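Asker: Have a look; sequence and predicted model below, questions after that.
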Amino acid sequence: MDNERRLKKHPPHIKEVNLNLKKIIIALFSIEACLTLSDITCQLSRFIFGHDYLKGLVPFFDLSGELNLPAFFSSTLMLCIALLLTIICILNIRNRLAHTWKWRSLLFGFIYMAYDEAFSVHEKLSAPIVAIVGNSNLGLFHYAWTIPATILVSALTLYFYKFILSLSIEIRRLFLISGTTYLCGAIGFELIEGKYDELYGSNNLTYQILVATEETLEMTGLILFIYSLFKYLLDTYGEIKLSEGKP
């Protein structure tokens, strides 16, 4: 109580809060590695030793699961990206920079992606698409939601083409690397998993290793994109400080 009274009477004066970008990215990659290793360990226990539940650890660390730790981490990464994009949008609009609508589009996209990651909304598209096509044996497109997803990615590539070219060489390279890494997991490995599931089913260790690879690529792409956005902010605006502002 005495300490609380003292702090209220003489609050500490903090001039700056410095964030070490390198340490933040290393911490995020460390969490990703722990989640991937935990999932692989649980899947090995499940398929080699027959422990399907393992006191709740298998579903808790399942990289393809919903409402568990990996899903929460991926959604949090997307929300962090949305926060950084919000800051970029505000600053760019205030400074009247070009392509503000492209930045806004990215912001809205990642807000939706965070929701989708938590509740796997996109997977619910497969059933109606299969019903329309009238055939569930679609090979690489066995997970039929990848059909509209591939079309959407192609359209977004055209939409963001000039925007990407407008970025500096370093930021452009970081954007392309992070985006390609994410899409290799989100769509590339989903196509492979779909074909494998169609041939051999999903209740086996090989399929789970494919899933772990997919999700790891997605998380890696998101973390790299966080780094890219921080770099963009630093390169464009230099050091950014927070203040209370005028009352």
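Answerer: Sure, I can see it.
Asker: Kindly state the pLDDT recorded for the residue nearest the centre of the chain?
Answerer: Residue closest to the mean C-alpha point of the chain, counted by C-alpha atoms, centre = their mean, is residue 222 at 4.1 Å. Note for residue 222: predicted pLDDT of 98.
Asker: Pretty sure it sits against residue 182.
Answerer: Yes: counting by C-beta atoms under 8 Å, residue 222 touches residue 182, with 6.4 Å between them. Heads up, the C-betas are built off the backbone N, CA and C, glycines and all.
Asker: Show me where this structure dips below the pLDDT cut-off.
Answerer: For the chain, residues meeting the criterion pLDDT under 70 lie at 1-18, 136, 240-247.
Asker: Of all the helix elements in it, which one is longest?
Answerer: What stands out as the longest helix in the chain, according to DSSP state H, is helix 205-237.
Asker: Please name the nearest non-neighbouring residue to residue 79.
Answerer: Leaving aside its chain neighbours, residue 79 sits nearest to residue 114 (5.0 Å; criterion: C-beta to C-beta, 6 or more residues apart in numbering).
Asker: Helices of this structure, start to end?
Answerer: Counting by DSSP H, the helices of the chain are 2-9, 21-48, 57-61, 69-94, 100-119, 126-133, 146-159, 161-166, 169-183, 190-200, 205-237.
Asker: which secondary structure elements does the longest one contact?
Answerer: Right, helix 205-237. Packing partners of helix 205-237 (3 or more C-beta pairs under 8 Å, 6 or more residues apart in numbering; DSSP states H and E): helix 21-48, helix 69-94, helix 169-183, helix 190-200.
Asker: out of those helices, nearest to residue 54?
Answerer: Closest approach to residue 54 among the helices and strands packed on helix 205-237 is made by helix 21-48 (5.7 Å; C-beta to C-beta).
Asker: next one: the closest one to chain centre, how far?
Answerer: With C-alpha atoms, centre = their mean, to the nearest Å as the basis, helix 21-48 stands 15 Å off its chain's centre.
Asker: what's the answer for stretch 158-178, then?
Answerer: The answer for stretch 158-178 is 18 Å, by C-alpha atoms, centre = their mean.
Asker: Which positions in that stretch come out as buried?
Answerer: Using 16 or more other C-beta atoms under 10 Å as the test for burial, stretch 158-178 gives 160, 163, 167, 171, 174-175, 177-178.
Asker: any idea which of those residues is the one closest to residue 57?
Answerer: Closest to residue 57, out of all of the buried residues of stretch 158-178 and judged by C-beta to C-beta, is residue 178, at 30.5 Å.
Asker: could you list every residue that touches residue 170?
Answerer: Residues in contact with residue 170 (C-beta atoms under 8 Å, 6 or more residues apart in numbering) are 231, 235.
Asker: Report the separation between it and residue 176.
Answerer: Distance of residue 170 to residue 176, given as C-beta to C-beta, to the nearest Å: 11 Å.
Asker: same check, this time on residue 237
Answerer: Counting by C-beta to C-beta, the gap from residue 237 to residue 176 is 22 Å.
Asker: same deal with residue 222?
Answerer: Distance from residue 222 to residue 176, by C-beta to C-beta: 15 Å.
Asker: One more: residue 146?
Answerer: When distance is defined by C-beta to C-beta, residue 146 is 21 Å away from residue 176.
Asker: neighbours of residue 221, just the number please.
Answerer: Using other C-beta atoms under 10 Å, residue 221 has 21 other residues around it.
Asker: In contact with it, which residues?
Answerer: Residue 221 makes contact with 178-186, according to C-beta under 8 Å, 6+ apart.
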